[in-house]
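Visitor: no FASTA, just this:
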Ligand SMILES: Nc1ncnc2c1ncn2[C@@H]1O[C@H](COP(=O)(O)OP(=O)(O)OP(=O)(O)O)[C@@H](O)[C@H]1O
């Protein structure tokens with residue numbers, strides 16, 4: 001569905017935010033992972049046809065989105081990181097207004113808005129002002145507006161920021177329900193946001209691609225690079241200075257560490273089966 005080849009982007013003033021990105025993505029939920037400044041939002045804005053690549057090309061169903069943005073726009077739903085609402089409007093009023101702005105046929109607006117409200121589980125709150133909503137409910141309004149045109153590509157940029165753990169979980173369930181034949185791209189720097197729902201993962205760092213593939217492939221790539229290592233308490237600082245420590249568990253007389261390292265860091269360290277969070281850290285450490 002979506003093919004990026006050798007895509008780079010520099011902001012005016014010369015800041016290189018993306019460098020040489022090549023990717024092919026089909027239907028499913030793609031978790032776009034990367035630390036702050038990795039280039040996730042820049043990439044998503046580009047896929048939403050708001051920025052044009054300074055180099056390379058992005059094809060949607062074989063058509064170049066820089067030359068023919070409309071080929072993608074009518075199939076695109078986008079929830080940006082900063083999503084503004086009119087707090088005095090009810091969810092229904094706001095969505096009807098956006099549906100009109102997006103050019104949905106007038107006769108279908110009321111029914112399509114109600115369908116989208118139902119899809120995101122907002123029926124009970126649809127006639128309340130958005131200003132009275134929780135963060136999770138507001139994000140549902142954001143997803144509902146992105147769904148108005150039944151998009152084949154749904155882009156959601158850091159949608160779980162500011163949500164409590166229960167809201168995060170409900171949001172993940174909602175995306176799973178919406179997946180079907182769509183390509184959903186979800187950016188986050190929190191692995192647990194995508195761990196249970198992503199069919200594919202893309203890891204970025206400093207504008208470069210570090211990994212693209214299935215969660216299982218990311219886990220496999222980390223085998224032999226994650227270690228269990230028990231050290232006396234006084235050694236912790238030295239280990240932290242030399243190695244990437246993923247986890248530290250304090251015991252009565254020692255500390256149990258999980259460490260990312262290409263080689264065995266010490267004779268006492270034993271290979272551990274990586275979790276996804278650790279595999280992500282391996283991907284970031286690999287070429288850092
Ligand atoms: N409008 C802008 N002008 C200049 N540089 C920018 C602009 N927006 C982002 N950048 C820079 O581009 C790089 C990538 O930023 P981007 O926001 O895409 O990263 P991100 O992975 O989405 O990070 P975050 O999780 O913090 O949003 C960063 O170095 C950032 O400082």
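Guide: Yep, it's here. Predicted, not measured: the structure shown is a model, and the values here were computed from it. Numbering: from 1, shown residues only.

Visitor: From now on I want contacts and neighbour counts done on CA atoms only, so please keep to that.
Guide: Will do.

Visitor: Is it correct that residue 94 falls within a strand?
Guide: No: counting by DSSP: H, G, I helix; E, B strand; the rest coil, residue 94 falls outside a strand, being helix.

Visitor: dump the residue contacts of it.
Guide: Counting by CA atoms under 8 Å, 6 or more residues apart in numbering, residue 94 makes contact with 85, 86.

Visitor: how about a cut-off of 10 Å?
Guide: Each residue near residue 94 by CA atoms under 10 Å, 6 or more residues apart in numbering is listed here: 85, 86, 87, 88, 113, 126, 129, 130, 141, 145.

Visitor: Out of those, list just those in helices.
Guide: Counting by DSSP state H, the contacts of residue 94 place 113, 141, 145 in helices.

Visitor: quick one: the first one from the ligand, how far?
Guide: Residue 113 is 30 Å from the ligand, where distance means CA to the nearest ligand atom, to the nearest Å.

Visitor: and that residue, what does it touch?
Guide: 91-99, 119, 144-145, 147-149.

Visitor: May I ask which two of those are separated the most?
Guide: Greatest spacing in those, by CA to CA: 97 and 119 (18.4 Å).

Visitor: re the thing from before, separate out the buried members of the contacts of residue 113.
Guide: Taking 16 or more other CA atoms under 10 Å as the criterion, what is buried in those is 91-96, 98-99, 119, 144-145, 147-149.

Visitor: which one of those residues is nearest residue 177?
Guide: Nearest member of the buried ones among the contacts of residue 113 to residue 177, counting by CA to CA, is residue 119, at 8.7 Å.

Visitor: In contact with the residue lying closest to that closest one once chain neighbours are set aside, which residues?
Guide: Excluding the flanking residues, the one nearest residue 119 by CA to CA, 6 or more residues apart in numbering is residue 144, at 7.7 Å. Residue 144 makes contact with 77, 79, 91, 95, 113-122, 138, 150 under the criterion CA under 10 Å, 6+ apart.

Visitor: what about residue 181, how many residues close to it?
Guide: 12 (other CA atoms under 10 Å).

Visitor: That one and the ligand, how far apart?
Guide: Residue 181 sits 26 Å away from the ligand, going by CA to the nearest ligand atom.

Visitor: got it, and residue 230?
Guide: Taking CA to the nearest ligand atom, one finds residue 230 at 33 Å from the ligand.

Visitor: Run the chain-centre distance for stretch 195-207.
Guide: Relative to its parent chain, stretch 195-207 has a centroid offset of 7 Å by CA atoms, centre = their mean, to the nearest Å.

Visitor: which among the contacts of residue 94 end up buried?
Guide: Applying 16+ other CA under 10 Å to the contacts of residue 94 flags 113, 126, 129, 130, 141, 145 as buried.

Visitor: what about stretch 95-114, start to end distance?
Guide: 9 Å (CA to CA, to the nearest Å).

Visitor: Please consider this matter closed, and thank you.
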